[in-house]
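what's the 3D shape of this:
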Amino acid sequence: GAFKLQLQGRGDMKTCSQIVTLTGLRPSTAYEYVTTFKPGGSLLAMLYTSATASTTRQGSFQTTVEKGQQKPFTFVTSSCLLNIDMIDMQPLMSLMGADLFLLIGDAVYADFPWSFFRKYETIYLTLIRDPFFAMLSLHTPVLAMYDDHEICNNWNSGTKQPYPDAIGNWSWFLGSRNPPLKKPDDVETKEGITMGAVGGDWEQEHYFPHQVGDVSFFVLDVRRYRDGKTLLGPAQLAELRQWLREGGESAATEESTTERSGAQVRLKVVVSPVPMTRNIGEEKGAVGTDGWEWFPDEKQAVLQWMREWGKAVLVLSGDMHWSGVFEIAPRVIEASVSPLHMLPLPQWAT
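From the prediction side, this is the model:
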């Protein structure tokens, strides 16, 4: 089918965005799409675009395995993407062919010196216009979470500035690709197509669960709620505990009802942008108090909830710029994988 929509913009940005949710798609099925962009006639459009004719882009994607079905699928995960103008991220082509890509933090380095005088929008445009990132995101479902460098190194100041500007732009370009949160007031459904609000809402919750086949993921937000006492904050902790107790996803998204009605889960995956294992760089004084190790009570509580579930739990993390696999508790394995496109560092230097 075909449909027409008006791209939405914001007065402070040159780019447009629109969230479109397609319903009624079959699981494990390949789809192709064609998108035609036509230049607008408004004064704003004439000021911000040089396009004088229609532009067409096409791509393809494959829907994931049906919830509860025991069927193999592939996913890739990593963090830490240093994107610089005129330096293409060719290594990203190695990720092509996966059923799912988890980009779990530091998608941009907005706090690096050469970024100080650039708008967040410009930094993200460098990322999404990279030919290899664009090719990957055209064909592979991308789920994203931010970490510190989207804001400032080792960010622990909640929603103070620059958090609203930084995460507003992250949501505009990346976060809007995640499963929709329960905000039914701003959606319009027509012929299997849901057109919701534009991205860029930093005030909404960004952590979310997601299930593929018989594997359930919970992607954590480790920046917004942290202070000297908590890493995740009370509400997110409660959602995580509920998700670990039940057969699948929590009440945070629209996917919960189906999940709780019987979609089987054999493996749970907790996705944390920062490692649960101790970062050796912390011991050497090379990084600050940034990981789970500095919230021992919360860490032990979460590990206990994982053990109570009675089956294997996989923790996926990044941030450290080196990779390792750790058994952090009985039946709890952590795979920490990074960087994706950044300088690798020895264990003592990260």
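
Identify the residues contacting W309.
By CB atoms under 8 Å, 6 or more residues apart in numbering, the residues touching W309 are L244, R245, K268. (C-beta placed from N, C-alpha, C; glycine too.)

count of neighbours near the last one?
Taking other CB atoms under 10 Å as the neighbour definition, K268 ends up with a count of 24.

Where does the prediction get shaky in the stretch 101-250 of the chain?
Applying pLDDT under 70 to the stretch 101-250 of the chain picks out residues 181-200, 247-250.

can you pull out the strands in the stretch 151-300 of the chain?
All strands of the stretch 151-300 of the chain, identified by DSSP state E, counting those that start in this stretch, fall at 188-190, 193-195, 208-212, 215-219, 267-272.

Kindly reformat those strands as CSV containing distance to A2.
Listed next are those as CSV, based on distance: least, CB to CB, whole Å:
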stretch, distance to A2
strand 188-190, 12
strand 193-195, 10
strand 208-212, 28
strand 215-219, 33
strand 267-272, 35
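
Which stretches in the stretch 51-200 of the chain count as helices?
Using DSSP state H, counting those that start in this stretch, the helices of the stretch 51-200 of the chain run over residues 120-128, 131-139, 163-173.

Comparing those, which comes out most buried?
Counting by mean count of other CB atoms under 10 Å, helix 163-173 has the highest mean neighbour count of the helices of the stretch 51-200 of the chain, with a mean of 22.

Could you figure out how far that helix is turned away from helix 120-128?
Taking axes from the mean of the first three to the mean of the last three CA atoms, to 10 degrees, helix 163-173 and helix 120-128 form an angle of 40 degrees between their directions.

for helix 163-173, packing partners?
Packing partners of helix 163-173 (3 or more CB pairs under 8 Å, 6 or more residues apart in numbering; DSSP states H and E): helix 120-128.

For stretch 68-85, the averaged confidence score.
Here stretch 68-85 scores 92 as its mean pLDDT.

Mind listing what's buried along it?
Neighbour counts over stretch 68-85 (16 or more other CB atoms under 10 Å) mark G68, F73, F75, V76, T77, S78, S79, C80, L81, L82, N83 as buried.

Over to stretch 320-329?
Buried positions in stretch 320-329, judged by neighbour count with 16+ other CB under 10 Å: M320, H321, W322, F326, I328, A329.

what's the farthest-apart pair in these?
By the measure CB to CB, H321 and A329 form the most distant pair in the buried residues of stretch 320-329, at 24.4 Å.

With adjacent residues omitted, what lies nearest to the residue nearest the centre of the chain?
For the chain, the residue sitting closest to the mean C-alpha position, by CA atoms, centre = their mean, is A144 at 1.0 Å. Using CB to CB, 6 or more residues apart in numbering and skipping residues adjacent in sequence, the residue nearest A144 is L174, 4.2 Å away.

same thing with M276?
W292 (4.4 Å).

Next one: the one you found from T35, what distance?
Distance, W292 to T35, using CB to CB, to the nearest Å: 41 Å.

Of those two, which one has the most company?
Neighbours were counted for W292 and for T35 using other CB under 10 Å; W292 has more, 25 against 10.

these two touch, right, that one and Q300?
No. The pair W292 / Q300 is not scored as a contact, 9.8 Å apart, by CB atoms under 8 Å.

From the structure, what's the count of residues near the closest residue to A30 other than its chain neighbours?
Leaving aside its chain neighbours, A30 sits nearest to Q62 (4.7 Å; criterion: CB to CB, 6+ apart). Q62 has 15 neighbouring residues, counting by other CB under 10 Å.

before we move on, what about G1?
G1: 6 neighbours (other CB under 10 Å).

Please read off the pLDDT at it from the model.
On the pLDDT scale, G1 is placed at 71.

Next, work out how far apart it and L25 are.
The gap separating G1 from L25 is 12 Å, by CB to CB.

where along the stretch 251-350 of the chain do the helices fall?
Under the criterion DSSP H, counting those that start in this stretch, helices of the stretch 251-350 of the chain are mapped to 256-260, 280-283, 296-309.

Compare the mean pLDDT across those and name the weakest.
Looking at the helices of the stretch 251-350 of the chain, the bottom one is helix 256-260 with a mean of 42.

on that earlier part again, the residue nearest to A144 reaches A107, doesn't it?
Yes. The pair L174 / A107 is scored as a contact, 6.0 Å apart, by CB under 8 Å.

what residues are shared contacts of these two?
By CB under 8 Å, 6+ apart, L174 and A107 have these common neighbours: A144, Y146.

Those two: who's more crowded?
Using other CB under 10 Å, the more surrounded residue of L174 and A107 is A107, with 27 against 23.

Tell me the spatial nearest neighbour of the more buried one, not counting adjacent residues.
Nearest non-adjacent residue to A107, counting by CB to CB, 6+ apart: L81, 5.2 Å away.

That neighbour contacts I128, correct?
No. L81 is beyond contact range of I128, at 11.2 Å (criterion: CB under 8 Å).
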